[in-house]
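> Mind looking at a prediction? Sequence and model below.
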Amino acid sequence: MKVVVGLGNPGLEYDDTRHNVGWWVVDRLCRDWRLGPFRRQGPALVVDGVADGARVRVIKPLTYMNQSGVALAPLISEPAFEPSRDLLVVVDDAALETGRLRFRAQGSAGGHRGLESVERALGTQAYPRLRVGVGPKPPGVELADWVLSPMPAEDEEVVVALLPELIEAIGLWVREGIERAMSRYNR
């Protein structure tokens, strides 16, 4: 089974923030792949289905960003689950220009609290992630304030226009793995 985890924060006040771009992606993924409604499972919203002939699970942690890894506990206990092969974490990235995307097979959290939590839960940095650019913070603005602020309409339009390509890219990861997705979509 392939697992796609979109990182974000629960609550209406966070819906249109940069930090919730991971949720935007997985919501669109579920819609496009017709996976059905999310159901509450512990500290997450979860939906299971089939996409491109593969069993998939999509997860939206409800723990707030800095505790996102808690939602992965049921996966970690499954003997067949291998994070480097079966997991893709979709996350905002304030180091990338708005609308850029970058797959990584592994690596550090780069200061992202959600990825830090995932690493703690998994006990490894060896898991794929799809970073979606939300633009660098302006000088004099704290990073937390930047990612938790609403995205301006023009930046939101860029990210929303990118969603079909992101869904296509995730489909390629499901079918062919992280190396193929990196070679085709990293730019």
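Sure thing, it's come through.

> what about the chain, any weak spots by pLDDT?
Scanning the chain for pLDDT under 70 picks out no residues.

> just the helices in this protein please.
21-32, 73-76, 83-86, 113-122, 143-147, 153-176, 178-185 (DSSP state H).

> could these go into TSV alongside distance to Arg104 and mean neighbour count?
Quick note: C-beta positions are derived from backbone N, CA and C, even for glycine. Converted to TSV, the helices of the chain look like this (distance: least, Cβ to Cβ, whole Å; neighbours: other Cβ atoms under 10 Å):
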stretch	distance to Arg104	mean neighbour count
helix 21-32	14	22
helix 73-76	19	14
helix 83-86	12	17
helix 113-122	10	21
helix 143-147	19	15
helix 153-176	12	16
helix 178-185	7	16
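
> among those, which is nearest Gln106?
helix 83-86 (7.0 Å; Cβ to Cβ).

> to the chain's geometric centre, what's the distance from the closest one?
For helix 83-86, the separation from the chain centroid amounts to 14 Å (computed by Cα atoms, centre = their mean, to the nearest Å).

> With just CA atoms, put that helix into PDB.
Output for helix 83-86, consisting of C-alpha atoms alone and laid out as PDB, is shown next (Å, rounded to 0.1, in the frame of the first residue of the first chain):
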ATOM      1  CA  PRO A  83       8.800   4.400   4.700                       C
ATOM      2  CA  SER A  84      11.400   4.700   2.000                       C
ATOM      3  CA  ARG A  85       9.200   2.900  -0.400                       C
ATOM      4  CA  ASP A  86       5.600   3.300   0.800                       C
END
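
> quick revisit: so which of the helices of the chain is nearest Asp92?
Nearest to Asp92, of the helices of the chain and by Cβ to Cβ, is helix 21-32 at 4.2 Å.

> who's in contact with Leu88?
Lys2, Val3, Val4, Val5, Pro128, Arg129, Leu130, Ile170, Trp173, Ile178 (Cβ atoms under 8 Å, 6 or more residues apart in numbering).
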